[in-house]
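A.B. asks: Turn this into a structure:
(one chain, ligands or ions: 1)
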Amino acid sequence: MQHTQYRFSAKTVDIYFDAEFSYAEKLVDKEKIIVITDENVASLHADKFPGYKKIVLKPGEEYKQQVTVDDIIKQLIELRADRQSFILGVGGGVVTDIAGYAASVYMRGIKFGFVPTSILAMVDAAIGGKNGVDVGIYKNLVGVTRHPEFLIYDYSFLQTLPAEEWINGFAEIVKHACIKDAAMFGLLENNSLEDFKQSKEKISELVKRNVDIKLGVVAQDEFETGDRKLLNFGHTLGHAIENIYKLPHGSAISIGMVAAGSISEEVNNFPSDEKKKIVDLLKKYQLPVELVFDKEKVWEVLMMDKKRSGDTMNFILLDKIGDGIVKPISLDTLKELFNRVL
Ligand SMILES: NC(=O)c1ccc[n+]([C@@H]2O[C@H](COP(=O)([O-])OP(=O)(O)OC[C@H]3O[C@@H](n4cnc5c(N)ncnc54)[C@H](O)[C@@H]3O)[C@@H](O)[C@H]2O)c1
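C.D. replies: Purely as a prediction, here's the structure:
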């Protein structure tokens, strides 16, 4: 096991890489723990949490809505949860987003920790302190920023992760490579999804590298005034199409990254051979790179994006692979590009 600490202004987060789920009992009194998980993880890994108090959610993004949080709160009351209770979110990004949010509003905030079980949650969703829910089709419109006490990385969960969820998670890994780490982009080019699936050493190194990238960015810019926005590369169009077309998050982000690459070519002299490298890498990791979509409908959703500020959108572009930048683009220019380039 490897223990690392990340310091933020309000809290220090402990991360235990290569640990076992049961380590949670060394960190918190088991009697105080309430596990929040989903039906898939609960049934496939029932042996990992015997005797724990549990709240089991229906799996899937469609349940990442306020009504699920209200239901969790009812169950917390039935379990007589108090301010000493500890919520442990065990699952993919949907579970960790909901669990962190529910823990942050129950009794104005009780402590929580995460055991991320999907690649996407391990490298992205469970870290950084953002937790929340969708409102209808609007992604992550409601939520809080609050860090967990700790994260436990138990890679044995990945043995049951479906193939499409491995693919999904790699979209965020490619994103990190595009905005911050050209060397990791090369590493991904020189390996395949199978290589990472088959080697615990390779996947644990890759996960840790991605946690370092994300938390490095977040620690430097906790309140999202600058660099943290880079983590939204591919997410402007991605979020808009994700819920309209019920796409997996990774697929939507993959298509969004290609779109952001095209816009980077147009307004930022991003070399077209580098854009092609991104498309090739996404294809190599079995991610989709295009989608025919209803431009009017998607534009309407884009207007509710949290990165819009008045009549400009803070768009994430690339200077080159490994170097992302934030650039305000006027909505008029964006609309023209949107209609012509995408
Ligand atoms: N808070 C953030 O900063 C942040 C960042 C990125 C993404 N997200 C959110 O994360 C969510 C996507 O995360 P996700 O793809 O992990 O979604 P998810 O939680 O829906 O998990 C995907 C599927 O995999 C299943 N699963 C998870 N772990 C498993 C395992 N070990 N074995 C078998 N099945 C398993 C789940 O039951 C689900 O069916 C989106 O809602 C997105 O908005 C949040």
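A.B. asks: Show me which residues of the stretch 51-200 of the chain are close to the ligand?
C.D. replies: Residues of the stretch 51-200 of the chain that fall close to the ligand, judged by CB under 6 Å from any ligand atom: 59-61, 64, 91-95, 97, 117-118, 120-121, 124-125, 128, 130-131, 139-140, 157, 160-162, 165, 168. No exception for glycine: its C-beta is placed from N, CA and C like everyone else's.
A.B. asks: out of these, which are inside helices?
C.D. replies: Counting by DSSP state H, those place Gly93, Val94, Val95, Asp97, Leu120, Glu165, Asn168 in helices.
A.B. asks: Reformat these as JSON lines; add distance to Glu266 and pLDDT.
C.D. replies: Formatted as JSON lines, these follow (distance: CB to CB, whole Å; pLDDT from 0 to 100):
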{"residue": "Gly93", "distance to Glu266": "31", "pLDDT": "97"}
{"residue": "Val94", "distance to Glu266": "34", "pLDDT": "97"}
{"residue": "Val95", "distance to Glu266": "38", "pLDDT": "98"}
{"residue": "Asp97", "distance to Glu266": "33", "pLDDT": "98"}
{"residue": "Leu120", "distance to Glu266": "29", "pLDDT": "96"}
{"residue": "Glu165", "distance to Glu266": "33", "pLDDT": "97"}
{"residue": "Asn168", "distance to Glu266": "28", "pLDDT": "95"}
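A.B. asks: Show me which pair in the residues you listed is furthest apart.
C.D. replies: Using CB to CB, the pair of those lying farthest apart is Asp97 and Glu165, separated by 15.6 Å.
A.B. asks: Neighbour count: these two, which is higher?
C.D. replies: In this view Asp97 and Glu165 are compared by other CB atoms under 10 Å, and Asp97 has more residues nearby, 24 against 21.
A.B. asks: That one and Ile36, how far apart?
C.D. replies: 11 Å (CB to CB, to the nearest Å).
A.B. asks: Glu189 too?
C.D. replies: 38 Å.
A.B. asks: residue of the stretch 201-342 of the chain with the smallest distance to the ligand?
C.D. replies: Residue nearest to the ligand within the stretch 201-342 of the chain (CB to the nearest ligand atom): His249, separated by 4.4 Å.
A.B. asks: For that residue, list the residues it contacts.
C.D. replies: Counting by CB atoms under 8 Å, 6 or more residues apart in numbering, His249 touches Glu61, Gly93, Leu120, Asn168, Ala171, Gly238, Glu242.
A.B. asks: Try it again at 10 Å.
C.D. replies: His249 makes contact with 61, 92-94, 118, 120, 124-125, 139, 165, 168-169, 171-172, 235, 238-239, 242-243 under the criterion CB atoms under 10 Å, 6 or more residues apart in numbering.
A.B. asks: so how many other residues sit close to the closest residue to Asp97 other than its chain neighbours?
C.D. replies: Excluding the flanking residues, the one nearest Asp97 by CB to CB, 6 or more residues apart in numbering is Asn131, at 5.3 Å. Neighbour count of Asn131, defined by other CB under 10 Å: 27.
A.B. asks: would you list every one of the strands in the stretch 201-342 of the chain?
C.D. replies: Applying DSSP state E, counting those that start in this stretch to the stretch 201-342 of the chain gives strands spanning 308-309, 312-320, 323-330.
A.B. asks: and those, which is most packed in?
C.D. replies: Mean neighbour count (mean count of other CB atoms under 10 Å) peaks for strand 312-320 among these, with a mean of 20.
A.B. asks: Any idea how many residues pack against Arg7?
C.D. replies: Arg7: 10 surrounding residues under other CB under 10 Å.
A.B. asks: pretty sure it contacts Ala219?
C.D. replies: Yes. With contacts counted by CB atoms under 10 Å, Arg7 reaches Ala219, the gap being 7.0 Å.
A.B. asks: can you list residues touching both of the two?
C.D. replies: With CB under 10 Å, 6+ apart, Arg7 and Ala219 have common neighbours Val13.
A.B. asks: dump the residue contacts of the residue nearest to Asp97.
C.D. replies: Residues in contact with Asn131 (CB under 10 Å, 6+ apart) are 89, 96-105, 112, 114, 125, 140, 143-148.
A.B. asks: same question, Tyr153
C.D. replies: Residues near Tyr153 by CB under 10 Å, 6+ apart: 1-2, 15-20, 114-117, 122, 126, 204, 207-208, 211.
A.B. asks: quick one, phi/psi of the nearest residue to Leu27 once chain neighbours are set aside?
C.D. replies: Leaving aside its chain neighbours, Leu27 sits nearest to Phe150 (6.0 Å; criterion: CB to CB, 6+ apart). With angles defined as degrees, to the nearest 10, Phe150 sits at phi -160, psi 160.
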